[in-house]
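S.K.: 3D, please:
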Amino acid sequence: MPAPSSWVVKPFDNTRVRLDSSLFTDNRDRVLNFLRAYPADRMLAVFRTNAGLDTRGAQPPGGWETADGNLRGHYAGHFLSALGLAYAGTGDSAFKEKADYMVTALGECQDALAALVGTDDPGAPSHVGYLAAYPETQFILLEQYATYPKIWAPWYTCHMIMRGLLDAHQHAGNEQALGIALGMGDWAYSRLGHLPRTQLDRMWKIYIAGEYNAMPVVMADLYALTGDEKYLTTAKCFDNTYLFEAAVANKDTLDGEHANQHIPQYQGYLEIYEQTGEQQYFTAAQNFWDMVVPHRTYVDGGMAGSGEIFGARDVIARTIQQSNAETCCVYNMLKLSRSLFFHTADPKYMQYYERALYGQILASRRNTSSDTNPLLTYFVPVNPGAHRSYGNLGTCCGGTGLETHAKFQDSVYFSSADGSTLYVNLYLPSALDWRERGLTITQSTGYPTDPSGTSTLTVTGEGHFDLRLRVPYWAERGFTVRLNGVRQQVRAMPGAYVSLSRQWRTGDKVEIAAPFTLRVERALDDPATQAVAYGPVPLVIRSSETAYQNLTLYRDYPLSRDLSRAIRPTGEPMTFTTNGLTLVPFYIDNTDGYHMYFKRAEPEIVFGDTATGIENRPGADGLTFLDEVWDQGPFENSGGLVRAVTKVADARTESGELTARRRSTLIEAAARAHLPA
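M.R.: Below you'll find the model as predicted:
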C-alpha cells in the first residue's frame, strides 16, 4: 500500500533491513526454529473440522486451541503472520512455503463453508466469505449481548485470521491471501453494516466477549487496498463510542478497563484517520497513548494494572502484584507508538519503543530452543520474588510473541516522507538497503550488552541526506558523535535527535557513544518504591524472597552522584552488587526469582560517613530530605552539596518540618562531610 499522505516519516520494508548477531537475533532464531518445526496441519485442524474437511490426522495445538475452545483459530492467525514476517526478514523460502500451504488450506475451508450458504446445514454461514474455526453462532450471540465465558471474543479471533492473511499477502506476496481476506471483509460488512449504533456500542462494552482486537485496522487496510467504501464503513462500525469520545476530549477513563481489549482500537482509529483525514480519530489515538505512557508503565515498558486491567493514572507501586504486565499489551503499544511516529516524527514514541523492546520484549522469550513450544511469556510480573513462566502455545501472548520476535528490524530505521532524511531510532547490529537512494547503511554495535554504548554507522554509496540520530532518554553521561574520526559539535539532549547533513560518500563513518549509566527510577505514586536500570536495560535483584528488599544507597554517593559507587560492578558482564544483593539484566530469560522493584531505606540523614541523628523523613510529595538534596546533583565540589542542603533545609524550616536547630545541624554536617568527587 502507498504511504498515507498524513505520514511525515515512513518505514522501510522488512526485506530492506538485515539484522546481524545480537541478543535479538538469538531470540529471533529460537522463534524461527519453532516456526519451521511446528506442523501447519495442527494449526489448521480446527478450521478443517469446522468446514467438514479431513484434518489429515492432526490434533489442535492445545491451550486455547482445542476442538471446542471458544477462541480456536486465533493462534493460526498469529502463526501465519509470523511466517510472513519471518520470510520478509530472512528470505528463507521455507517460511513462504509454509505460509502458502496454510493460505491454500484456509481458502479450501472458506470455499467449503461458502458452499453451505443457503442450505439447511446447521453450520451454514449467513454470507459467503465467512471463515472461522467455529460456526457463526458466537457472532450471533454477541449481537444478543451474550457474555464471557458463554462466548469468547469472536471478533478478536476474526481479526487474527484476517491479519495473518494480510501479512501473508504483504510480506510473502500471496495474492490468494488477499482474496480470502476480502471475502471475510464482505462477510463482516454483512453482519455489522446494518446494525444500529446503539447496538454496536453495547456490544463493544461487553468485557472480553466484545473484544475485537484491531478489526478496524484490517478493515481500513482493505479499504486502502481496494477503495471499496463498505470496508471503511465496517471499520467505523468498531468505533467504541464511550471510550472514543473520552479520548477525543482527553478525559482519562481507563481505570478498570481491560487493557488489551482497548489498546488495538486506537491503532484502528489512527488508520481510519489515515484514510479519511478525520482529525478526531488521530486525536483519540494520540491522547490515549499519553494516558498510558508514562502514567501506566513499569520500568520495563510493561503495562501497570491488575491482571489484564488498567490501573488508575499514575498508580504504579500499588499495582505491583503477582499477575500483571500482559505481553500482548506491549506488543500493541509498540504498534501504536510506531504508527504515531509516522505522523509526528516525535521521538517520545521511539523512546518508549526502546524501553519496552529492550525491557519486557527482550525478556519475554526463554533462552533455550524448542520445536514444540514457543516458550514465550504471558504475564511478566514485577512483584517481589516473581518468576517468569514460559510456554503459551495457543494463547494470545504466545501468538503475539511469535510476531514480535520475527520483526525486530521493523523500527530501526525510517526515512522522511520525501526521502531526504534518515532516522536511526534503535541501536541494533543491522544493515539498511536504502535502494531508492542507492545507499547501504551498516550499523555495528554491541547494544544492549556493551556498556560503552558505542555504535558505528558506515555508508556505502553517495548522496545528500540529513542523518538524524536518536539520543536515548537515559544518556546521562552525554552523547558524542564523530564523523570520520572528527568529533562533531552537536546539541545532544536526551530524548531528542541530533542531525548531520552532508553529501555522503562511500566509507563515511559515524561513531556514536552513549555510555551506559546506572539510574534509579521511582514509582510515580510512591517515590520510595524504585527500580534500577543500566542504560536501556532494566536490572533485577536476584531473590525469591516475597518481601521487598530494602536498599540503602545515599551513604555511598560521591559528589558526582555516580551510582556505581553504591551499586558496584561485580566483574561479570552487566552485573552489579549492593547491600549484599546481586543485580542482573532482565534479559537473562530464566525462571529464577527476581525483584524488579525495591524499597528505598534511608532512615537517617547522612552524608557519606557523617551522621546527623536526624530522621530522613519524606515531604508532602513523598520525597525524603536526601532525595531532594541529591536530585540537585551532581555537584562539582562540596560547596555545591552544602548549597543544596541549605536550600532544602530552608524550605523545610519555613514549612515547619524542621526546627532552626536541626537546620543548622544538617548544614554543618554537610560542610564537615568528605565525599569523593
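S.K.: where do the helices sit along the stretch 101-250 of the chain?
M.R.: Here the stretch 101-250 of the chain has its helices, by DSSP state H, counting those that start in this stretch, at 137-143, 154-172, 175-192, 197-204, 215-226, 229-237, 241-248.
S.K.: Helix or strand: which one has the residue of the chain most remote from its centre?
M.R.: Each residue of the chain has a distance to the centre, and by Cα atoms, centre = their mean the biggest one is for residue 661: 51.2 Å. Using DSSP states H and E, residue 661 falls within helix 660-672.
S.K.: Just the residues contacting that helix, thanks.
M.R.: Here helix 660-672 makes contact (Cβ atoms under 8 Å, 6 or more residues apart in numbering) with 605, 607, 610-614, 625, 638, 641-642, 645-646, 649-650, 652-653, 658. The C-beta positions use only the backbone N, C-alpha and C, and glycine is treated the same way.
S.K.: list the contacts for the residue nearest to residue 241 when sequence neighbours are not counted?
M.R.: Spatially, and ignoring its direct neighbours in sequence, residue 241 is nearest to residue 201 (4.8 Å; Cβ to Cβ, 6 or more residues apart in numbering). By Cβ under 8 Å, 6+ apart, the contact list for residue 201 reads 240-242.
S.K.: ok now the helix or strand bottoming out on mean pLDDT in the chain, how far from the chain's centre?
M.R.: Ranking every helix and strand in the chain by mean pLDDT, DSSP states H and E puts strand 305-306 at the bottom, with a mean of 92. Taking Cα atoms, centre = their mean, to the nearest Å, one finds the center of strand 305-306 at 17 Å from the center of the full chain.
S.K.: so what strands line up beside that strand?
M.R.: Here strand 305-306 is paired, per DSSP bridges, with strand 309-310 (antiparallel).
S.K.: Name the residues that touch the partner strand?
M.R.: 254-259, 292, 296, 303-304.
S.K.: Which of the residues you listed sits closest to residue 111?
M.R.: residue 258 (35.5 Å; Cβ to Cβ).
S.K.: For the closest residue to residue 587 other than its chain neighbours, which residues are in contact?
M.R.: In space, residue 587 comes closest to residue 362 once its chain neighbours are excluded; the distance is 4.4 Å by Cβ to Cβ, 6+ apart. Shown in contact with residue 362 (Cβ under 8 Å, 6+ apart): 23-24, 27, 448, 586-587.
S.K.: And residue 280, by the same measure?
M.R.: Residue 280 neighbours (Cβ under 8 Å, 6+ apart): residue 248.
S.K.: Spell out which helix or strand contains it, please.
M.R.: helix 279-292.
S.K.: Can I get that helix as PDB, trimmed to CA atoms?
M.R.: C-alpha atoms of helix 279-292 as PDB (Å, rounded to 0.1, in the frame of the first residue of the first chain):
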ATOM      1  CA  GLN A 279      -9.000  14.600  12.900                       C
ATOM      2  CA  GLN A 280     -10.900  13.200  15.800                       C
ATOM      3  CA  TYR A 281      -9.600   9.700  15.100                       C
ATOM      4  CA  PHE A 282      -6.000  10.900  15.300                       C
ATOM      5  CA  THR A 283      -6.700  12.900  18.500                       C
ATOM      6  CA  ALA A 284      -8.200   9.900  20.200                       C
ATOM      7  CA  ALA A 285      -5.100   7.700  19.400                       C
ATOM      8  CA  GLN A 286      -2.700  10.400  20.400                       C
ATOM      9  CA  ASN A 287      -4.500  11.200  23.700                       C
ATOM     10  CA  PHE A 288      -4.900   7.600  24.600                       C
ATOM     11  CA  TRP A 289      -1.100   6.900  24.200                       C
ATOM     12  CA  ASP A 290      -0.400   9.900  26.500                       C
ATOM     13  CA  MET A 291      -2.700   8.300  29.100                       C
ATOM     14  CA  VAL A 292      -0.700   5.100  29.100                       C
END
